[in-house]
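A.B. asks: Mind looking at a prediction? Sequence and model below.
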Number of protein chains: 2
Amino acid sequence: MPTQPHHQTDPSAEVPDLDAFIGYNLKRAYILVETDFRAAMGDEGLSPRVFSALSFIVQFPNITQSELARQLGVERSGLVAIVDELEMRGFLTRALVPGDRRVQALIPTAAGRAAHGRALDKVRAHEERFFAGFTEEERQTLLALLLKTRAIAEDTGGGTE
Amino acid sequence: MPTQPHHQTDPSAEVPDLDAFIGYNLKRAYILVETDFRAAMGDEGLSPRVFSALSFIVQFPNITQSELARQLGVERSGLVAIVDELEMRGFLTRALVPGDRRVQALIPTAAGRAAHGRALDKVRAHEERFFAGFTEEERQTLLALLLKTRAIAEDTGGGTE
DNA sequence: ACCATTTCGTTAAGCTCGTAAACTGTTCAT
DNA sequence: ATGAACAGTTTACGAGCTTAACGAAATGGT
């Protein structure tokens, strides 16, 4: 341990700004977007994770919980509460699958599809408003770089796989 | 989009891919980066929030807890545990301030500055490795767009301010 | 056909991060 | 002097996630 000269306030060039790190800004940015998302969805609205789960189920009916968990990047056990909520709201049914009695296919109800449609409008409006200060090109660039970030990490076993 | 769940192809064609939303990808990307961050710091290493707090304290010695909370975008009450941890590790001291007996200035110790230096090296290596598939321009663009995201939201009262 | 392994959904326990509310002590404005 | 505002703290709580274990069902090797 080298002895340090004490006390001299030293905002020197040694200490880099936290803003220089992608990870830090990723976190800060996500918190802001998420907060705005929740506000846009309202008190009875869907949380981000429930919305994304419902989106998958509407887009891919009959998906199993394990497959959905894999797609969402969460554990199977963690998905149970999400599916429970969607089922309790009447947005999906857990259906038996003929060939395999272990699995339960997730099937959106009409109410589920309708709720998803309404939620989708809100989410689109939220992102539209939130990123109003961005040009269309900036939005696309950000999206592409985030997708690339996911791609380089999710392939190399960096995910929850 | 190469990897779709192989269940049932979208019958309505109305449902957009979740990957089209910035918020969703922001979350997925952050989780991946954060996981890699923790792995890079090791079991006894600093968590993201503690590292960022220590960075501020090293860069701005004598900062108060309220001011630090504001800078980090968290509540004052939430900062207590973070400062407790840094103090317990011997990385800072809570110092009395002559003019105002309510405030306690946060002063990094020599050990704190040393630990921050080591952590900094690890974080830099982590980001370097994580974003190795990115060009320098891509990294800078991503950083700039994340900063812009923060800027448009933190100004308009969207933050914790 | 048998047994070991794997998979699916689930429960239970626990962790981390974060907030909100309430309280003490201190400072400030009038 | 008194009321409002502020700094730090404690407590309670919630959201979101993980790991470990389990029963039921399917699968694969021999």
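C.D. replies: Received the coordinates, thanks.
A.B. asks: A helix includes A:E87, no?
C.D. replies: Yes: applying DSSP: H, G, I helix; E, B strand; the rest coil, one finds A:E87 inside a helix.
A.B. asks: tell me the SS of the closest residue to it other than its chain neighbours?
C.D. replies: Leaving aside its sequence neighbours, A:E87 sits nearest to A:R94 (CB to CB, 6 or more residues apart in numbering or on different chains; 6.4 Å). Backbone N, C-alpha and C define where each C-beta goes, glycine included. On the three-state scheme (three-state DSSP), A:R94 is labelled strand.
A.B. asks: tell me which parts of chain A are close to DNA strand C?
C.D. replies: A:27, A:31, A:64-67, A:76-77, A:79-80, A:83-84, A:94, A:102-104 (CB under 7 Å from any atom of the strand).
A.B. asks: can you rerun that using 6 Å?
C.D. replies: Listed as neighbours of DNA strand C in chain A under the rule CB under 6 Å from any atom of the strand: A:T64, A:Q65, A:S66, A:R76, A:S77, A:V80, A:V83, A:R94, A:R102, A:V103, A:Q104.
A.B. asks: mind listing which of those are in strands?
C.D. replies: Among the residues of chain A next to DNA strand C, the residues falling in strands (DSSP state E) are A:T64, A:R94, A:R102, A:V103, A:Q104.
A.B. asks: want to throw the residues you listed into a markdown table with pLDDT and neighbour count?
C.D. replies: Shown next, in a markdown table, are these (pLDDT from 0 to 100; neighbours: other CB atoms under 10 Å in any protein chain shown):
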| residue | pLDDT | neighbour count |
| --- | --- | --- |
| A:T64 | 97 | 18 |
| A:R94 | 97 | 14 |
| A:R102 | 95 | 7 |
| A:V103 | 95 | 16 |
| A:Q104 | 93 | 16 |
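A.B. asks: filter these by proximity to DNA strand D?
C.D. replies: A:R102.
A.B. asks: which one of the ones in strands among the residues of chain A next to DNA strand C is nearest chain B?
C.D. replies: Nearest to chain B among these, counting by CB to the nearest CB, is A:T64 at 8.0 Å.
A.B. asks: Contacts only, for the closest one.
C.D. replies: Residues in contact with A:T64, defined by CB atoms under 8 Å, 6 or more residues apart in numbering or on different chains, are A:V97, A:V103, A:Q104, A:A105, A:L106.
A.B. asks: nearest to A:A40, of those?
C.D. replies: For the contacts of A:T64, the residue nearest A:A40 by CB to CB is A:L106; the value is 25.3 Å.
A.B. asks: any idea whether the closest one is helix, strand or coil?
C.D. replies: strand.
A.B. asks: Helices along chain A, start to end?
C.D. replies: A:22-41, A:48-59, A:65-72, A:76-88, A:110-130, A:136-155 (DSSP state H).
A.B. asks: Of the ones you listed, flag the one that's most buried.
C.D. replies: helix A:48-59 (a mean of 22; mean count of other CB atoms under 10 Å in any protein chain shown).
A.B. asks: helices and strands around that helix, which ones?
C.D. replies: helix A:22-41, helix A:65-72, helix A:76-88, strand A:100-108, helix A:110-130, helix B:22-41 (3 or more CB pairs under 8 Å, 6 or more residues apart in numbering or on different chains; DSSP states H and E).
A.B. asks: Format those as CSV; extra columns: distance to A:S55.
C.D. replies: Shown next, in CSV, are those (distance: least, CB to CB, whole Å):
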stretch, distance to A:S55
helix A:22-41, 13
helix A:65-72, 10
helix A:76-88, 11
strand A:100-108, 10
helix A:110-130, 7
helix B:22-41, 9
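A.B. asks: check contacts around the closest residue to A:L147 other than its chain neighbours.
C.D. replies: Nearest residue to A:L147 in three dimensions, chain neighbours excluded: B:N25, at 5.9 Å (CB to CB, 6+ apart). Neighbour list for B:N25: A:L143, A:L146, A:L147, A:T149, A:R150, B:D19 [criterion: CB under 8 Å, 6+ apart].
A.B. asks: As TSV, these with pLDDT would be great.
C.D. replies: Output for these, formatted as TSV (pLDDT from 0 to 100):
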residue	pLDDT
A:L143	97
A:L146	98
A:L147	97
A:T149	97
A:R150	96
B:D19	95
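A.B. asks: Kindly indicate which of the residues you listed lies nearest A:A114.
C.D. replies: Looking across these and measuring by CB to CB, the closest to A:A114 is B:D19, at 23.1 Å.
A.B. asks: any low-confidence regions in chain A?
C.D. replies: A:1-15, A:155-161 (pLDDT under 70).
A.B. asks: how about the residues of it that lie near DNA strand D?
C.D. replies: A:S47, A:R49, A:V74, A:E75, A:S77, A:G78, A:D100, A:R101, A:R102, A:T160.
A.B. asks: 7 Å instead, please
C.D. replies: So far as CB under 7 Å from any atom of the strand goes, chain A lies against DNA strand D at A:47-49, A:73-75, A:77-78, A:99-102, A:160.
A.B. asks: Distance-wise, check A:L143 relative to A:E136.
C.D. replies: 11 Å (CB to CB, to the nearest Å).
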